[in-house]
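Participant: Need coordinates for the following:
(one chain, ligands or ions: 1)
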Amino acid sequence: MKERNSPRIWTTKTYNRISPYYDRFMKRFFPIGEIGRERIVETLTTGSVLDVACGTGTLLAMAHDKGLRCFGLDISGGMLAQAKRKVPDGHFLQASFYQMPYHEGQFDHVVATNALSGTFIDVKKVLEEMLRVCSSGGCVSIAEWPKALQGSFMDRLLVWFASLSEDAPKDYLGVFRTLEYEPEVEMLSKKFHIFRVQK
Ligand SMILES: C[S@@+](CC[C@H](N)C(=O)[O-])C[C@H]1O[C@@H](n2cnc3c(N)ncnc32)[C@H](O)[C@@H]1O
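Facilitator: Residues are numbered from 1 along each chain as shown. Next up is the predicted model:
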């Protein structure tokens, strides 16, 4: 799917506007998203980490405390400004996750959390980019709300409602498989999973 201009501009403007309140909003309304970040940081060892769509840099601040070299990419300058405050010696770039301005195999860990579920996001293209910039033997991890297990009527209603917004769940397992990777899946809750592959 071609990245469309209007959703991209809308996304950038929206995140610029909400960036000062984003952390409070997440804590209050999406605590599982916070747990997802913490769980991913627990699995990071040494070396470098790139957080794709890093937002306000909460994950990178935790990784920095563990001694990792921190890199963050995001489309929103407002979100990046918050991230730079949390990790002053981090390396941040304002860019799209469809064309990351990094070399092949540059990072030991490439992660994305709470970032790929938007309706207009082409997950396959983003995962291809994440795998490209990950070193051989390195890890790509995402924490997202997957399409799987939409069992009950309430679940389906929620999914239908979400499909009207920027938060439509996606089939991450299927996308990894089309890229010929079989991810390890950790279910933090029925609707929030971590997918991890070693390159
Ligand atoms: C819900 S926030 C998640 C932020 C952070 N990863 C977290 O766990 O809180 C989604 C982020 O994706 C970024 N984003 C959306 N579209 C993007 C794109 N095309 N390229 C890079 N970042 C993008 C937004 O600016 C925003 O910071």
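Participant: Next one, pLDDT for Ala148 please.
Facilitator: Among the per-residue scores, Ala148 holds a pLDDT of 42.
Participant: Please apply the same query to Arg69.
Facilitator: According to the model, Arg69 carries a pLDDT of 98.
Participant: so it sits right up against Leu44, yeah?
Facilitator: No. The pair Arg69 and Leu44 fails to qualify as a contact (C-beta atoms under 8 Å) at a distance of 10.9 Å. Any C-beta I mention is one placed from the backbone N, CA and C, and that applies to glycine too.
Participant: neighbour count winner among these two?
Facilitator: Neighbour tally, Arg69 and Leu44, criterion other C-beta atoms under 10 Å: the higher count belongs to Leu44, 20 against 16.
Participant: So that one versus the ligand, what's the distance?
Facilitator: With distances taken as C-beta to the nearest ligand atom, to the nearest Å, Leu44 is found 14 Å from the ligand.
Participant: What residues does that residue make contact with?
Facilitator: Under the criterion of C-beta atoms under 8 Å, 6 or more residues apart in numbering, the contact partners of Leu44 comprise 63, 66, 68, 109, 111.
Participant: ok, and the closest non-adjacent residue to Tyr195?
Facilitator: In this structure residue 195 is Phe, not Tyr. For Phe195, ignoring the flanking residues on the chain, the nearest one in space by C-beta to C-beta, 6 or more residues apart in numbering is Pro183 at 4.1 Å.
Participant: ah, wrong one, I meant Lys27
Facilitator: Glu34 (6.5 Å).
Participant: Then the one you found would be within a helix, right?
Facilitator: Yes. Assessed by DSSP: H, G, I helix; E, B strand; the rest coil, Glu34 belongs to a helix.
Participant: Please look at it and Met26 and confirm they touch.
Facilitator: Yes. Taking contacts as C-beta under 8 Å, Glu34 lies within contact range of Met26: 6.2 Å.
Participant: shared neighbours of those two, anything?
Facilitator: In the contact map built from C-beta under 8 Å, 6+ apart, the residues linked to both Glu34 and Met26 are Thr58.
Participant: hang on, the earlier thing: what about the residue nearest to Lys27, distance to Leu68?
Facilitator: According to C-beta to C-beta, to the nearest Å, Glu34 and Leu68 sit 19 Å apart.
Participant: which of the two has more neighbours?
Facilitator: Using other C-beta under 10 Å as the criterion, Glu34 and Leu68 rank with Leu68 on top: 21 against 16.
Participant: For the more buried one, list the residues it contacts.
Facilitator: Contact criterion C-beta under 8 Å, 6+ apart gives 44, 46-49, 109 as the residues in contact with Leu68.
Participant: can you do 7 Å?
Facilitator: 44, 46-49 (C-beta atoms under 7 Å, 6 or more residues apart in numbering).
Participant: and the chain, which residues reach the ligand?
Facilitator: For the chain, the residues in contact with the ligand under the definition C-beta under 6 Å from any ligand atom are 8, 11, 15, 26, 33, 37, 53-55, 58, 74-76, 79, 96-97, 113-115.
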